[in-house]
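Engineer: I'd like to go over a predicted model; first the sequence, then the structure.
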Amino acid sequence: MHRRRLLQWGSSALLAPTLIAGCHPGAMAGIGDATSMLSEGGDTLVPGQRRLTDFGLQLSTLTPLMLANFEGTLETVAAIGYSQVEFSAMGFLGRAPQRVQELLNNQGLTAPVGRITPSLPAGFNALPRAEAMQVYRARSHPDRLLENVKYSLEGATVLGQKYLNLPALMPDQFQSMDQVKQNIEQLNHAGELCADAGVLFGYHNHDWELTPIDGVIPYQLMLSATEADKVGFQLDAYWIVKGGGDLTVYLNDHPGRFPSCHLKDITADGDFEDVGYGQINFAQFIPDAQASGTHHFFVERDNPPAPEASIRRSYTYLNNLRF
């Protein structure tokens, strides 16, 4: 698969057999062949009758709209039909958590999964992009992780969030096994801090964690060497596939480690795509993730050319999907 390294880090940035089987709605006829499941009442559900409900949207997909009209964008998201949102690595864009919770209540939205975000200076949103990125990365440095966890826990408490995910550790933190081990130590420390507040800390993957170092895949070591009761992981479907990983294997080998997942599609040449219009078979991935213990799913596309059209398209696909 094409391995072009993106210059922007998408969902974690300021702005924003495998499951490779075509999933365009025009090819939907053959993708409802999931294994029969039991309903809560114990009745067998015929394959093709199950559907995903209460899925959310990662708001980094709409970063330009959020910057221009925070309140109106939340209203649009709710009107389309999304019931949950997940704020981006920029957090609440200068708004107090209490105000954000009020806005969510007004729109009938919830934000059950939070993100570790740094405390950003006043006027940050008005900075030129290059300068803003410099400030953001400095304040997101791994040395400040525990400080940022404490800051993010304050907002999580107001919103009643039980999950807080670190958007990423950057590629330059995965250049040696010593660095990877230091990363794992940091994740465990953050997990302990969150656990004391009744919150599960988590880590959101990209593709660089899947690049082997001395024959070891860092992501696999992170999964095995972190404390399962204190550190979870947010599995991003696009980045796992982009990195050459197998979604089914990760879900089956690490049950209970992925309380939330990002539904993000990939084109044949490795670019981003609206959910259901790329190469990932979500009719297989979603029930596999649910069986593995995933509770929350969020639509995401990094830097879409037409953000509102993108989230409408992905919502329609998932709303119509049966498995």
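Structural biologist: Sure thing, it's come through.

Engineer: Please make it C-alpha for all contacts and neighbour counts, starting now.
Structural biologist: Fine.

Engineer: So what touches stretch 200-208?
Structural biologist: 162-168, 171, 174, 187, 190-191, 194-195, 219, 229-236, 239-240, 242-243 (C-alpha atoms under 8 Å, 6 or more residues apart in numbering).

Engineer: Figure out how far stretch 79-95 is from the centre of its chain.
Structural biologist: For stretch 79-95, the gap between its own C-alpha mean and the chain's C-alpha mean amounts to 12 Å (C-alpha atoms, centre = their mean, to the nearest Å).

Engineer: Not counting its own residues, what contacts that stretch?
Structural biologist: Identification of contacts with stretch 79-95 by C-alpha under 8 Å, 6+ apart yields 11-16, 54-60, 67, 100, 108-118, 122, 125, 167, 298, 312, 315.

Engineer: Of these, which belong to helices?
Structural biologist: Using DSSP state H, 67, 100, 312, 315 are the members of those that sit in helices.

Engineer: circling back to that earlier point, list buried residues within the contacts of stretch 200-208.
Structural biologist: Among these, those classed as buried by 16 or more other C-alpha atoms under 10 Å are 162-168, 174, 187, 190-191, 194-195, 219, 230-236, 239-240, 242-243.

Engineer: Identify the bridge partners of the most centrally placed residue in the chain.
Structural biologist: Taking C-alpha atoms, centre = their mean, the centroid of the chain lies closest to H262, which sits 4.0 Å from it. For H262, the beta-bridge assignment (DSSP bridges) gives partners D236, F298.

Engineer: Any figure for the gap between it and A195?
Structural biologist: Noted for H262: a distance of 23 Å to A195, by C-alpha to C-alpha, to the nearest Å.

Engineer: cool, D265 as well?
Structural biologist: For D265, the distance to A195 - C-alpha to C-alpha - is 32 Å.

Engineer: Same question for R312.
Structural biologist: According to C-alpha to C-alpha, R312 stands 36 Å off from A195.

Engineer: I240 now?
Structural biologist: Distance of I240 to A195, given as C-alpha to C-alpha: 27 Å.

Engineer: L103 too?
Structural biologist: Distance of L103 to A195, given as C-alpha to C-alpha: 28 Å.

Engineer: what do you get for A168?
Structural biologist: A168 is 20 Å from A195, by C-alpha to C-alpha.

Engineer: wait, what's in contact with the residue nearest to the centre of the chain?
Structural biologist: By C-alpha under 8 Å, 6+ apart, the contact list for H262 reads 58, 234-237, 297-300.

Engineer: Export those as a markdown table, with columns for pLDDT and distance to G91.
Structural biologist: Output for these, formatted as a markdown table (pLDDT from 0 to 100; distance: C-alpha to C-alpha, whole Å):
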| residue | pLDDT | distance to G91 |
| --- | --- | --- |
| Q58 | 98 | 11 |
| Q234 | 98 | 17 |
| L235 | 98 | 20 |
| D236 | 98 | 19 |
| A237 | 98 | 22 |
| F297 | 98 | 19 |
| F298 | 98 | 16 |
| V299 | 98 | 17 |
| E300 | 98 | 16 |
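
Engineer: Do a quick rundown of the strands in the protein.
Structural biologist: Residue ranges of the strands in the chain, as given by DSSP state E, are 37-38, 44-45, 56-58, 84-86, 113-115, 163-166, 200-204, 231-236, 260-263, 265-266, 272-273, 296-299.

Engineer: so what does the last one touch, helix or strand wise?
Structural biologist: Contacts of strand 296-299 with other secondary structure elements, assessed using 3 or more C-alpha pairs under 8 Å, 6 or more residues apart in numbering; DSSP states H and E, are made with strand 56-58, strand 84-86, strand 260-263, helix 307-320.

Engineer: at 7 Å what do you get?
Structural biologist: strand 56-58, strand 260-263 (3 or more C-alpha pairs under 7 Å, 6 or more residues apart in numbering; DSSP states H and E).
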